[in-house]
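Novice: Would you be able to build a 3D model of this:
(chains A and B)
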Amino acid sequence: MTDPRARHQAFEKVWGNLPGFGTLAAVNHTSIGLRFMVTGMLFFLVGGLLAMLVRTQLALPEQEIIGPEAYNQFFTMHGTVMMFLFAIPVLEGLALYMIPKMIGARDLVFPRISSLGYYCYLFGGLIILSSLFLGIAPDSGWFMYTPLSSAEYAPGPGSDFWLLGITFVEISAMAAGIELTVSILRSRAPGMTLTRMPIFCWYILAMALMIIFGFPPLILGSILLELERAAGWPFFEVAGGGDPLLWQHLFWLFGHPEVYILFLPAAGIVSTLIPVFARRPLVGYRWIVLSILLIGFISFGLWVHHMFTVGIPQLAQAFFSVASMLVAVPTAIQVFAWLATLWTGRVAFSLPMLWIFGFLIIFVCGGLTGVMLALVPFNWQVHDTHFVVAHLHYVLVGGMFFPLMAGLYYWLPHISGRMPSERLGYWGFWLTFIGFNATFLLMHLTGLLGMPRRVYTYEAGLGWDWLNLLSSVGGFIMSAGIALILMDLLLHFRFGKPASRNPWNADTLEWATNTPPSAYNFGSIPDIDSRHPLWDDPGLPDSIAAGDHHIPEIDHGRRELLGTDAIGARVREVMHIPTNSWWPLCAALGLALVCISLLVRVYPLALFGLVIAGIFLFRWSWENGAHPKAAPLGVNERTDPPLHSRTTDGPGRWGMIVTLMADATLYLSLLFGWFYLWTVSPDWRLPEETRLSTSGLMATGVLLTLTVFRYRRLTERLRAGQDSGLWPASVQTSVLALLHLGSLIWVIASAGLEPGALAHDAVLSVMLYYLLFHSLVATLASLLQSARIKLGYVSAHLPYEAIVLKPFWIYTLAIFWISYTAFLLLPLAWGGSP
Amino acid sequence: MFGFSVVVMAALYGLWWYAMRRDPGEISDQQAQRHQNRWVIWGGLALPIGSITLLLAFGIPAGHRMLPLPPAEGEALVIEVKAHQWFWQVRYPERDIELINALVIPANTPVDIHLTTADVIHSFWVPRLGGKLDTIPGRTNVLRLEADRTGDFHGQCAEFCGAGHAHMPFVVTAKSAEDYQQWLNNPDARTQGDRDD
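Specialist: Predicted coordinates for the structure are as follows:
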């Protein structure tokens, strides 16, 4: 099959989306990435509209256009929409779209998870937005500080919309984080070692890892706060032994890394574009990689700088102050590496470069005010004033939006195959740039003059009047700029000049695909031996399309990727990935049902939704491995390299381990909460008598240990290629698991905890339900494994699935005994009753 | 601090602009490597580390001065302030005086404000007298203030606390020592601000 057109058609048949409504079952990363970006932009318009309403209200003193109730909803929703429904999803979308193309892969390794993530994002976003139209939007600020957001002071459903909706949307971030990490580590083109990876992939890898470690504290915090609001479990309520500051810790433990989660991909765009337009390889690639890793690391040690005014010890303040300033170092390394690249190159000026220049001007200014804010005495002065509003918009708009626009103009020809209009683009840039600075530069001064944040109006004559008026005018100029950009974007699909292939003469592989890209990206996967494959070999796109490289076959009808090892990118296996599937949509609909029924507080319906979502998810997992819809055993099995489901270290195991890292972060946040409340909470109380049966828990723990050891032996025999007695061994595991599960349920039911009365019992209950959830999932998965062994989907020749499940069992065992120690034994040792 | 920031900013903008405009001619990889080391080490490491050191050398002592002194080093006057949605309740524990949205303090004397809350988190802030401190349920935070002249100082709530957040101002009146004593003996009605809820 050498005819390129016939090859293309054969590939499209396997890789294309279903026609018509079937497109909803699409799992392809190009489709999903674009959907994320388009949806994100629509939410951006909503967030922008809210900002305009806010600026209208503040334009003149003592206005009553919008009352305080509506104003509070608007600024809360502006922050929430921009952060959670625009900034993160758009960057995730960009990464989902771009990463496989940059690393020379045909898709991400878990395509159905991309699709699930998108639907969770879409449904969650719509649920949150619906509250605005019902007039019951959250109004406690995007940071939701308790007790202002708790049931007593926010009795309406607004806070519930926030907590449930955001947690739902968060699933998509976690999905993207896991998927991008595994894809970048395990599916790069052969020869693309870590040090030859495009710099953008480093940024995205860091972002994905930060999502994995950064989001779980917020997810836990939201679950706890929602439990407090709905069931009265007093985690954050002083009267019950809780502490409102615990919320602030959990929130900012997420909230500060979040800023860098937004900044890193945007900086990645800058680092990608500058060498292309300077026509010179990026200077200081290793320095930049180092600084990316440093940023990722330091950003987890900064959260307390959002809490300098809550009255925390001085030593802690000094520590977090220094840590906050240290972030300036890796940031400065990047800025100067970019400068050096421009210095040594001959710069071609064009629209994306203009946005990069705008980025630099705004971001440097925001960075410098950031260093000022890290200084504790100065922070006390301007914290919660408009100075901080100005600072955060300089950092976020400058550090995220401007590079995003640069990236948009740079990659637009890739997405549409057409060039946008230069003239409209210039106007759009200058209006946005001037409007932005008019709004926010002045706002620094407004803040220094003492205007606090989040006030819906202010008295005349305090010196704030003209500043606010000019800020509002600036805001409207910026909106005009964004309207022009939008117009340019829409018009170019119709009237744009067709783009030549690789119009900017870039060096990275994404420009080796067709523009617009075909569903399979690459007709064959080339060997990579430098950081600049397209500069070294401009003929690469043609030889890729002609099928001159790895895995050019398609007549097997499977979607295939090349699996390579994490560091050296040597070929390890051929991954066969799932085709279009309805299960992600079904599961997301089930979860949406859970979310909505929790909102209207119909709990049986929520339970029903959870069960059907669970059924859909397990049904989805059924179509794997040697299932007829995946890769059934064939007569002419590929052996060199083998299919991944015939190996013991495929992407599933990596995905499982990365997921467990996120899960462990959630668990550590819970442990943090337990110790925090125990030591710091002002009114921490213990129940009068021990209610939880320590020995009963010990017994169920022994059963769990036996289960896991049995399972471990089973997998070890499989690894050694022996499958005699596999079925009985699997049944034994399942029976032991069921016994453990039953006894755990009995221990919890007979404990008689009072989570509604005491924070102590509430945390203990969350811990027990967390253990129960893991035991339940592991048991169900083991039962399914037994069935699959019976059907011949798991055997010595197909050991993959059993080995994917193993880390989950080990994790379940580990958290059980850690909980037993931390929640029961340690308090006993301290002399209290557990 | 501002002057330094502006200089750094202007210098960066200038360099960046020049770097985009300049024609480097042919540059070998070794030369590029030298450029890299020069820029990254001086601009990326030396500049921020130097600035941070300077900033901390100046900032940490300033922070010390603003914190409440340990009790042994000086007896300060104690005033209790309880924040409510949406007003400030001010008590003088040694006298039986209670004010709403108003404090009277002696000038040139350290005053410890003991901050508590009746409901949600608020933040006590008098911009001209010092930093702000939050009122946290279940806790008492102590803020030390000292007015260096007599007169009225405006204050307001600086932590978002719900629908009435914008309408939570208060006034701190600093009086000379004699006037303050006189006021303590006869707190007149004028300073008893209106409860605004």
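
Novice: which other helices and strands contact the lengthiest helix in chain A?
Specialist: Criterion DSSP state H: the longest helix present in chain A is helix A:244-278. Other elements packing on helix A:244-278 under the criterion 3 or more Cβ pairs under 8 Å, 6 or more residues apart in numbering or on different chains; DSSP states H and E are helix A:88-102, helix A:199-231, helix A:285-298, helix A:328-344, helix A:351-374, helix A:386-396, helix A:402-416, helix A:651-680. All C-beta atoms are positioned from the backbone trio N, CA, C, and that covers glycine.

Novice: burial measure for A:Ala70, as a count.
Specialist: The tally of other residues near A:Ala70 (other Cβ atoms under 10 Å in any protein chain shown) stands at 16.

Novice: Please disregard the earlier target; I meant B:Thr116.
Specialist: With other Cβ under 10 Å as criterion, B:Thr116 counts 17.

Novice: wouldn't A:Ile803 be in contact with A:Glu716 here?
Specialist: No - if you go by Cβ atoms under 8 Å, A:Ile803 and A:Glu716 don't touch, sitting 9.7 Å apart.

Novice: Same drill for the two, tell me which one is more crowded.
Specialist: Shown here are A:Ile803 and A:Glu716; by other Cβ under 10 Å, A:Ile803 has more neighbours (21 against 12).

Novice: Where does that one sit, in terms of helix or strand?
Specialist: helix A:800-819 (DSSP states H and E).

Novice: Can you name the element that comes right after that helix?
Specialist: That would be, after helix A:800-819 and using DSSP H and E, helix A:826-829.

Novice: Report the buried residues of that following helix.
Specialist: Buried residues in helix A:826-829, defined by neighbour count with 16 or more other Cβ atoms under 10 Å in any protein chain shown: A:Pro827.

Novice: Compare the helices and strands packed on helix A:244-278 and give me the one nearest chain B.
Specialist: In terms of Cβ to the nearest Cβ, the element of those nearest to chain B is helix A:328-344, at 3.5 Å.

Novice: Summarise which helices and strands that closest one is packed against.
Specialist: Contact analysis of helix A:328-344 by 3+ Cβ pairs under 8 Å, 6+ apart lists helix A:244-278, helix A:285-298, helix A:351-374, helix B:2-21, helix B:29-38, helix B:47-66 as its packing neighbours.

Novice: Can I get those helices in JSON lines including mean pLDDT, mean neighbour count and distance to A:Asn502?
Specialist: Output for the helices and strands packed on helix A:328-344, formatted as JSON lines (pLDDT from 0 to 100; neighbours: other Cβ atoms under 10 Å in any protein chain shown; distance: least, Cβ to Cβ, whole Å):
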{"stretch": "helix A:244-278", "mean pLDDT": "93", "mean neighbour count": "25", "distance to A:Asn502": "10"}
{"stretch": "helix A:285-298", "mean pLDDT": "93", "mean neighbour count": "19", "distance to A:Asn502": "21"}
{"stretch": "helix A:351-374", "mean pLDDT": "87", "mean neighbour count": "22", "distance to A:Asn502": "14"}
{"stretch": "helix B:2-21", "mean pLDDT": "81", "mean neighbour count": "14", "distance to A:Asn502": "23"}
{"stretch": "helix B:29-38", "mean pLDDT": "80", "mean neighbour count": "15", "distance to A:Asn502": "24"}
{"stretch": "helix B:47-66", "mean pLDDT": "76", "mean neighbour count": "16", "distance to A:Asn502": "37"}
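
Novice: CA-only coordinates of stretch A:453-472, as PDB, when you get a sec.
Specialist: C-alpha atoms of stretch A:453-472 as PDB (Å, rounded to 0.1, in the frame of the first residue of the first chain):
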ATOM      1  CA  ARG A 453     -11.000  44.500  47.500                       C
ATOM      2  CA  ARG A 454     -14.500  43.000  47.100                       C
ATOM      3  CA  VAL A 455     -16.400  46.100  48.100                       C
ATOM      4  CA  TYR A 456     -19.400  46.700  45.800                       C
ATOM      5  CA  THR A 457     -19.100  50.400  46.200                       C
ATOM      6  CA  TYR A 458     -17.100  53.100  47.900                       C
ATOM      7  CA  GLU A 459     -17.600  56.600  49.300                       C
ATOM      8  CA  ALA A 460     -16.800  59.600  47.100                       C
ATOM      9  CA  GLY A 461     -13.900  61.900  48.000                       C
ATOM     10  CA  LEU A 462     -11.400  59.300  49.200                       C
ATOM     11  CA  GLY A 463      -9.200  59.900  46.200                       C
ATOM     12  CA  TRP A 464     -10.400  56.700  44.500                       C
ATOM     13  CA  ASP A 465     -13.000  58.200  42.100                       C
ATOM     14  CA  TRP A 466     -11.000  59.100  39.000                       C
ATOM     15  CA  LEU A 467      -8.800  56.000  39.300                       C
ATOM     16  CA  ASN A 468     -11.800  53.800  39.300                       C
ATOM     17  CA  LEU A 469     -13.400  55.600  36.400                       C
ATOM     18  CA  LEU A 470     -10.300  55.300  34.300                       C
ATOM     19  CA  SER A 471      -9.900  51.600  35.300                       C
ATOM     20  CA  SER A 472     -13.500  51.000  34.000                       C
END
